[in-house]
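Q: show me the folded form of this:
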Amino acid sequence: MTRTFNWRIVFKTMGVLTTLEALFMLVPTVAAWWYDEPDLGAWVISSLITWLSSWWMLLAGRHAEKRVGEREGYIIVATVWVVYSLFGMLPYWLSGALPAISDAWYETMAGFTTTGSTVIPNVEAMTHSVLLWRALTQWIGGMGIIVLSVAILPMFGLGGMQLYSAEVTGVSYEKLSPRIADTAKHMWLTYIGLTIVEGFILWMLGMGRFDAICHAMATISTGGFSTRNSSVIFDGPAIQWTIIVFMLLSGINFTQLIYLFRGNPQRMVRDEETRWYVGACLVVGLMLGVGLFAYHFGAIEEGQGWLRLTGISLRKGLFASIASITSTGFAAEDYMTWPPILWMIVFFMMIPGGASGSTAGGAKWVRIGIFAKSALAEIKRRIHPNAIIPVRFNGCTVSEQTTSNVMAFMFFYVGIILLAAICFGACGIGFDESIGVAVSMIGNVGISIGQYGPSGCYADFPVVAKWIATFVMLIGRLEIFTVLLLFSRALWKK
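A: Residues are numbered from 1 along each chain as shown. Modelled structure (predicted):
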């Protein structure tokens, strides 16, 4: 029997979430007042519009049944990013920072999806309030708007299990507590704690207080928005090493991080996905470091000691490796000036991404692991057709349903990259850049290759291509199926 879609609960939930966004907008509003900036009026108006809209949604959702089914969960998760971006773009547009709606929309969606690509050619010309909002959008989107809301929705008598299961990335999710709201709270406390610790360390190492706050939010969310045009290229080694460590941590499943901080590191060490992810970051970083050392070896003849050159090469190699794999997109150097083999490695490592349940984008290492093991198992079955060869991950047999899920995901992931690249090419973008931007957008990486590498920006990106790119960002952030399910008649007939 077809169950009536519960529109009231959708409006009520969206009203609660939009109220949270209005509260977050007060932070840059206060910053605009504190720094006596001319865009204060735009922030007040934007906050007021967002707050009034949230109350209209709450009014439309009054007397709603306290039931969030699968259909309601999927449509809330898919549309909240769009709604947040619609209101989140208002300050950019009303203040004149980004007068074109396409640019304001792009910058906002790049923030909330933690893609971190920008259409602002001169970031340093922006006001403190705009820079802070850029950092906040990716920080909110990093852990996930829904994971935040799940910790708060019970206060309004709303359940959050369907939202949590539709939002949390990866093949599976794990609850730390019997109550899903407690799990979300543990994750957000860890998230906030990491942000505070990194921000304090960056400040103590000499980064300005405001820059330290923004860069900490950009790192922990793996977003990559910087307050400087040069990203962190001209920051000292200590600051870059700090960002390397926190980028690496942010790409680990937050459940594993919580176990680590609770004094149970064995849980994280035993996790196969964590080993794949950390191993890839270190091995690729070492490869890039060796390549950079060989490339710059001639500098020794100019008086630069080989030991110092080794340290610089290793730091830059690890930074580029981890920034790429975690989809953070910070730059310690423009890798497009490196030999092609090195920047090609950086580019291809954007595809796997970080661990499931982290703030990182990409396909996720649990899927890469299952995909690789399934392929190897298939080869063994060809050699031993009568043998039963199961696929195991973390010591457990992977079900056929999970394997099919991974295969379908990888098919759609590659297919969307190819389709997006074709669309970008039709907009007049070159072949290399089209492929690079497609991989970057669906992986929520931000940086790409060619003119859209670390030193470039998307200001001259064709308008149509910007709208396509934001849709690909959204698909990548919601891990494909959440968006595709909305176009399935079977879901609506359930």
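
Q: three-state assignment of the closest residue in space to Leu94 that isn't next to it in sequence?
A: With C-beta to C-beta, 6 or more residues apart in numbering as the criterion, Leu94 has its nearest non-adjacent residue at 3.9 Å, and that residue is Ala42. Placement of C-beta: from N, CA and C, glycine included. Under the three-state scheme (DSSP: H, G, I helix; E, B strand; the rest coil), Ala42 adopts helix.

Q: any idea how far Ala42 is from Tyr35?
A: According to C-beta to C-beta, to the nearest Å, Ala42 stands 14 Å off from Tyr35.

Q: so between these two, which is more surrounded?
A: Neighbour totals were compared for Ala42 and Tyr35, and Ala42 leads with 23 against 13 (other C-beta atoms under 10 Å).

Q: hmm, the more buried one is touching Ser95, no?
A: Yes: Ala42 is within contact range of Ser95, at 3.7 Å (criterion: C-beta atoms under 8 Å).

Q: who's in contact with the residue nearest to Leu94?
A: Going by C-beta atoms under 8 Å, 6 or more residues apart in numbering, Ala42 touches Leu90, Pro91, Leu94, Ser95, Gly96.

Q: next: Leu90.
A: Here Leu90 is in contact with Ala42, Ile45, Ser46, Ile49, Thr50, Ala104 (C-beta under 8 Å, 6+ apart).

Q: same for the helix or strand harbouring the last one, what does it pack against?
A: Remark: Ala104 resides in helix 101-112, with elements defined by DSSP states H and E. Of the remaining helices and strands, those touching helix 101-112 by 3 or more C-beta pairs under 8 Å, 6 or more residues apart in numbering; DSSP states H and E are helix 70-88, helix 90-95, helix 128-143, helix 463-477.

Q: for those, which one ends up most surrounded?
A: Most buried of the helices and strands packed on helix 101-112, by mean neighbour count (mean count of other C-beta atoms under 10 Å): helix 128-143, with a mean of 25.

Q: and the pLDDT at Leu132?
A: Here the pLDDT value assigned to Leu132 is 97.

Q: save the contacts of Ala42 as JSON lines, and put in pLDDT and distance to Pro352 too.
A: Below are these laid out as JSON lines (pLDDT from 0 to 100; distance: C-beta to C-beta, whole Å):
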{"residue": "Leu90", "pLDDT": "97", "distance to Pro352": "36"}
{"residue": "Pro91", "pLDDT": "96", "distance to Pro352": "35"}
{"residue": "Leu94", "pLDDT": "95", "distance to Pro352": "40"}
{"residue": "Ser95", "pLDDT": "94", "distance to Pro352": "38"}
{"residue": "Gly96", "pLDDT": "93", "distance to Pro352": "40"}
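
Q: pipe those residues into TSV and attach distance to Thr114 per row.
A: Formatted as TSV, those follow (distance: C-beta to C-beta, whole Å):
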residue	distance to Thr114
Leu90	20
Pro91	19
Leu94	24
Ser95	23
Gly96	26
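
Q: pick the one among the residues you listed closest to Pro462.
A: Of all these, Gly96 has the smallest distance to Pro462: 22.4 Å, by C-beta to C-beta.

Q: how close does Gly206 get to Ala212?
A: Taking C-beta to C-beta as the measure, Gly206 falls 9 Å from Ala212.

Q: ditto for Ile9
A: Separation of Ile9 from Ala212 (C-beta to C-beta): 41 Å.

Q: now do Gly311
A: Taken as C-beta to C-beta, the span from Gly311 to Ala212 is 24 Å.

Q: and those two? Which one has more around it.
A: Remark: of Gly311 and Ala212, Ala212 carries more neighbours, 21 against 14, as counted by other C-beta under 10 Å.

Q: quick one, the helix or strand where that one lies and helix 101-112 angle?
A: If you go by DSSP H and E, Ala212 is part of helix 209-220. Inter-element angle recorded for helix 209-220 and helix 101-112: 70 degrees (by axes from the mean of the first three to the mean of the last three C-alpha atoms, to 10 degrees).

Q: quick check: buried residues in helix 209-220?
A: Going by neighbour count (16 or more other C-beta atoms under 10 Å), the buried part of helix 209-220 is Phe210, Asp211, Ala212, Ile213, Cys214, His215, Ala216, Met217, Ala218, Thr219, Ile220.

Q: what about the nearest residue in space to Met410 that is not next to it in sequence, how many neighbours?
A: Leaving aside its chain neighbours, Met410 sits nearest to Phe371 (5.7 Å; criterion: C-beta to C-beta, 6+ apart). With neighbours defined by other C-beta under 10 Å, the count for Phe371 comes to 18.

Q: can you check Thr397 too?
A: Neighbour count of Thr397, defined by other C-beta under 10 Å: 10.

Q: so Glu124, which of the three states?
A: helix.

Q: going through the contacts of Leu90, which ones are buried?
A: Counted by 16+ other C-beta under 10 Å, the contacts of Leu90 give Ala42, Ser46, Thr50, Ala104 as buried.

Q: and the third one, how far from Tyr84?
A: This points to Thr50. Counting by C-beta to C-beta - Thr50 and Tyr84 are separated by 9 Å.

Q: overlap in contacts of the two?
A: Contacts common to Thr50 and Tyr84, judged by C-beta under 8 Å, 6+ apart, are Thr18, Glu21.

Q: quick one: what helix or strand has the residue nearest to Met410 in it?
A: helix 365-383.

Q: residue contacts, Phe393?
A: Contacts of Phe393 by C-beta under 8 Å, 6+ apart are Glu272, Glu273, Val366, Gly369, Ile370, Lys373.

Q: count of residues packed around the closest residue to the fourth one other than its chain neighbours?
A: Distances taken as C-beta to C-beta, 6+ apart place Trp276 nearest to Gly369, at 5.4 Å, with adjacent residues excluded. A total of 18 residues lie near Trp276 under the criterion other C-beta under 10 Å.

Q: dump the residue contacts of Trp276.
A: Residues near Trp276 by C-beta under 8 Å, 6+ apart: Trp365, Ile368, Gly369.

Q: closest one of those to Ala421?
A: For the contacts of Trp276, the nearest to Ala421 is Ile368 (20.9 Å; C-beta to C-beta).
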